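Visitor: With the sequence up front, the predicted model follows.
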Amino acid sequence: MTAASADTWAAASEISMVLLAMNGDDAAYGELVRRRQNAIRNLLRRLTRDAALADDLAQQTFVQGWQSIRGLKSPSAFAGWLRKLAVNFWLQHARSSPQELPLEQDLRVEHATPAISRQLDLDAALAQLSRDVRLCIVLAYSEGMSHGEISRLTSMPLGTVKSHIARGSARLRELLHDYGDAHVQ
Amino acid sequence: MSNEIDEKLQARFAQAHELLPDLEFMQSLLARMQQARRLRSRQRFAMVVVVASFAAWIMPSVLQTTAAVVRSVAEHAPSYDALIISPGGWAVSMLIGFGVLLHTGALRRG
């Protein structure tokens, strides 16, 4: 892609790019991936606590998205649709792996910078939550989704989502406090 | 609908949100898409081969069956030859021909 066409892509709206991608334009889909990869990879990192696995699932998500984008009902639904694909890939992976590693051991790195240490603490704390609770918490806090949106995306009843978020938040506060974060009480 | 969200936890998630380098990820993804494209082409080719082989395998039997059916219909259908060459058949043929000419307007002047 030339610098001029790269500028053109960068200026194009997401909806027009989704429409192009739905008509088989691979360059448009590539630009959509470039714009969305950070969000999807971060979402999957929070869910998996494993950067390599998260990137692998993110790539599966984008390949699946590329193969099935023609079936997308509305171009404006692209972001949510992609997130749903990512969550489904994670759920599929989580169901196929028997047990996640026990995480009671401290994951903090002695000489890590405070920012990395905080991130490791958060990911370690998230890993202590059950799969469904973690999913609800990550979608609510990392993705900023409402309870209703989470309920629709995960097909869990609204009451269950609310209870997962309430219990998960309380547990996260406890765990992060245990990790020595004075900011979260 | 109330969405009770702990603001401190939300800030913590925001801090954990990283700006990830995309070059390696994109290269690896493009390779994967290329692989998926090749796999899809192979699957389509395999499908065409299967359909063509099946068609080639079934074609002689389809042709034989069709020929048998045509022969059987020809054998069992009544023969109209004698009827057509009789004076009555000739008259009916002429009437039909005249009707067709009238219908198409071929007999009109100008």
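Guide: Thanks, I have the structure now.

Visitor: okay, now the domains of chain B?
Guide: According to automatic domain parsing, chain B comprises the domains B:22-77, B:78-110.

Visitor: Distance of the residue nearest the centre of chain A relative to chain B?
Guide: Central residue of chain A (Cα atoms, centre = their mean): residue A:43, 1.9 Å from the mean position. The gap separating residue A:43 from chain B is 9 Å, by Cβ to the nearest Cβ, to the nearest Å. Backbone N, C-alpha and C define where each C-beta goes, glycine included.

Visitor: per-domain residue ranges of chain A.
Guide: If you go by automatic domain parsing, chain A breaks into A:1-98, A:105-185.

Visitor: got the residues of chain B near chain A?
Guide: Residues of chain B lying close to chain A (Cβ under 8 Å from any Cβ of the partner chain) are B:1, B:3-6, B:8-13, B:15-20, B:22, B:25-26, B:28-30, B:32-33, B:36, B:40.

Visitor: Give me the buried entries from the residues you listed.
Guide: B:6, B:9, B:12-13, B:16, B:20, B:25-26, B:29, B:32-33 (16 or more other Cβ atoms under 10 Å in any protein chain shown).

Visitor: Among these, list the two that are farthest apart in space.
Guide: B:6 and B:33 (39.4 Å; Cβ to Cβ).

Visitor: Let me see the ranges of the helices in chain B.
Guide: For chain B, the helices defined by DSSP state H occupy B:7-16, B:23-76, B:81-84, B:87-104.

Visitor: Please identify the deepest-packed of those helices.
Guide: helix B:7-16 (a mean of 16; mean count of other Cβ atoms under 10 Å in any protein chain shown).

Visitor: Off-centre distance for that helix?
Guide: Relative to its chain's centre, helix B:7-16 lies at 55 Å (Cα atoms, centre = their mean, to the nearest Å).

Visitor: and if you look at stretch A:50-63?
Guide: 10 Å.

Visitor: likewise stretch B:40-60?
Guide: Per Cα atoms, centre = their mean, the centroid offset for stretch B:40-60 relative to its chain is 15 Å.

Visitor: Same check on stretch A:23-37?
Guide: Distance, centroid of stretch A:23-37 to centroid of chain: 18 Å (Cα atoms, centre = their mean).

Visitor: Return the helix or strand in chain A with minimum mean pLDDT.
Guide: helix A:3-11 (a mean of 63; mean pLDDT, DSSP states H and E).

Visitor: same thing with chain B?
Guide: Using mean pLDDT, DSSP H and E, the lowest element in chain B is helix B:81-84, with a mean of 74.

Visitor: How about residues contacting that helix?
Guide: The contact list for helix B:81-84 (Cβ atoms under 8 Å, 6 or more residues apart in numbering or on different chains) reads B:89-90, B:93.

Visitor: 6 Å - rerun?
Guide: The contact list for helix B:81-84 (Cβ atoms under 6 Å, 6 or more residues apart in numbering or on different chains) reads residue B:89.

Visitor: Can I get it in PDB, CA atoms only?
Guide: The C-alpha trace of helix B:81-84 is given here as PDB (Å, rounded to 0.1, in the frame of the first residue of the first chain):
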ATOM      1  CA  ASP B  81     -48.900 -41.500 -39.700                       C
ATOM      2  CA  ALA B  82     -51.900 -43.200 -41.200                       C
ATOM      3  CA  LEU B  83     -54.200 -40.500 -39.800                       C
ATOM      4  CA  ILE B  84     -52.200 -37.600 -41.200                       C
END
